[in-house]
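Asks: When you get a sec, could you give me coordinates for this:
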Amino acid sequence: NEEINAVKTIENLLRQDYPDFDIVFVDDGSKDRTFKMVKDAFENNTIVKVHTKPNGGKASALNYGITLTQNEYVVCIDADTQLKTDAISQLMKGFRMQLKNNQEIGAIAGNVKVGNENTMLTKWQSIEYTTAQNFDRRAFDLINGITVVPGAIGAFKKAAIERAGGFTTDTLAEDCDLTIRILRKDYRIINCIEAVAITEAPESLNEFMKQRFRWSYGIMQAFWKNRDACFNPKFKGLGMVSLPNLLIFQIILPVFAPLADLVLILSLIWNHNDIDSLHKIGIYYIVFMMVDMLVSLVAFIFEKEKLTKWEIESSSFYVLQKFVNTFFVKVERQKVLLEFEKRNIKTNGFKLKFEKLKTKYLRTQLWIGIPILIITTVIILFAETLIGSKFNGMQLTLTKALLALSISIVGSSLIEGNIETNWSLGKGITIR
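Replies: Predicted coordinates for the structure are as follows:
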């Protein structure tokens, strides 16, 4: 059911600069017009081969497509994925690498990035892809322990897939399961950061929760299938690092993470009269957050991402940034459209873009910022009554930081919502 994206994705693939490839499109029993649209668009194209089959799930569709090609290597992507023009060329370079002890490369993981960064949820996912998935993959590449060749972009040696048994339908994470089985067949799996794919992240909370359940439960299933390799020196990096990492950080810790949050809240309540205890809890929490942010910063530097993604939007610096952006970049919608009409300039979607520019984002910031501002102000004014003594240095610093944070959120909303701006358009056209 990808009638919106499928044709665009194939057109994107046809622009690849790799000289010799074909495209196998498999429609897995879609109920919409996916198959018809793709068939009509590419029926005269000799490179694109369009097939359909009864619905059997992603794994069966991938296996069906792989059997239809005679090529030695296959690249698997999702229907909503757009590749950079050199992505396949970069992946194929990896298969030509000469490794020590002549180990054979069985698969190559591409570099997935989020393309639809238009909501707070998708922006957070974009940061997660950079700081967690892609950064982890770089590290596991060093020990031949990559456990997931991503479904959005992954290249495989066809013989390696066949030796490992192909994609299976008994887990919800077929890409993770196949990757582990390829490693167990003593192939090398490498990471290729230059092969970039742009994917669509879930935009609604419901879609996001469904995806994460599928990932989490699927990884648990893949781990359980291969549990005999965990802590097994025979499988080297996979057995001694990667699978224990899955067990600890993706199975055990997520189960107990809510308990840790509850313990933190109970500790704050229990020790609300003990200044020294609160001081220690605050310091440990700040240190934990700083370490987390430092690791994220390193990940951003490795990925050569813009650090504007990494900034904390509610910081005091954000107020200044939003003020500058508002004053020099954004446009008063009516004036822009009026000027467009006067000069007969085609708007091409500008109208819709400016129509939705402010409302939701500003309301959200105000709903978050105003309660924090009120609560923080009350704490400062009635500190002695609330905690039985005056603030010490650390408490005062933290409270001021919280106050600055809330003022910045409210302030940036008001600034962005009310300031009219200057904006230059094209050659010599200035709207004031």
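Asks: now for the longest helix anywhere in the chain, which elements pack on it?
Replies: Criterion DSSP state H: the longest helix present in the chain is helix 275-303. Applying 3 or more CB pairs under 8 Å, 6 or more residues apart in numbering; DSSP states H and E, we find helix 275-303 packed against helix 135-141, helix 253-270, helix 393-418. (Glycine included, C-beta is placed from N, CA and C.)
Asks: Helix, strand, or coil at Ile193?
Replies: Under DSSP: H, G, I helix; E, B strand; the rest coil, the three-state class of Ile193 is strand.
Asks: Double-check it against Arg138; I have them as touching.
Replies: Yes: with contact defined as CB atoms under 8 Å, Ile193 counts as touching Arg138 (7.3 Å).
Asks: helices or strands next to the helix or strand hosting Gln211 in the packing?
Replies: Secondary structure assignment for Gln211, by DSSP states H and E: helix 205-225. Packing contacts for helix 205-225, counted by 3+ CB pairs under 8 Å, 6+ apart, involve helix 120-128, helix 174-184.
Asks: Quickly compare the ones you listed and say which is most buried.
Replies: Highest mean neighbour count among the helices and strands packed on helix 205-225 (mean count of other CB atoms under 10 Å): helix 174-184, with a mean of 25.
Asks: Just the C-alphas of that one, formatted as PDB.
Replies: Coordinates of the C-alpha atoms in helix 174-184 are reproduced here as PDB (Å, rounded to 0.1, in the frame of the first residue of the first chain):
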ATOM      1  CA  GLU A 174      13.600  -9.900   9.700                       C
ATOM      2  CA  ASP A 175      16.600  -7.600   8.900                       C
ATOM      3  CA  CYS A 176      18.100  -8.200  12.300                       C
ATOM      4  CA  ASP A 177      17.500 -11.900  12.200                       C
ATOM      5  CA  LEU A 178      19.200 -12.300   8.700                       C
ATOM      6  CA  THR A 179      22.100 -10.100   9.700                       C
ATOM      7  CA  ILE A 180      22.900 -12.300  12.700                       C
ATOM      8  CA  ARG A 181      22.600 -15.500  10.700                       C
ATOM      9  CA  ILE A 182      25.000 -14.100   8.100                       C
ATOM     10  CA  LEU A 183      27.500 -13.300  10.800                       C
ATOM     11  CA  ARG A 184      27.200 -16.800  12.100                       C
END
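Asks: Please work out which residues outside it touch it.
Replies: Contacts to helix 174-184, defined as CB atoms under 8 Å, 6 or more residues apart in numbering, come from residues 58-59, 62, 106-107, 144-151, 154, 156, 160-161, 163-168, 170-171, 189, 218-219, 221-222, 225-226, 229, 235, 238, 243.
Asks: Tell me, how many residues neighbour Ser102?
Replies: Just to correct that, residue 102 is Asn rather than Ser. In terms of burial, Asn102 registers 6 neighbours under the definition other CB atoms under 10 Å.
Asks: now swap in Leu172 and tell me
Replies: Neighbours of Leu172 (other CB under 10 Å): 20.
Asks: Enumerate every residue touching the residue lying closest to it once chain neighbours are set aside.
Replies: Of all residues not flanking Leu172 in the chain, Gly218 sits nearest, at 3.3 Å (CB to CB, 6 or more residues apart in numbering). Contacts for Gly218 (CB under 8 Å, 6+ apart) come out as 171-174, 176-177.
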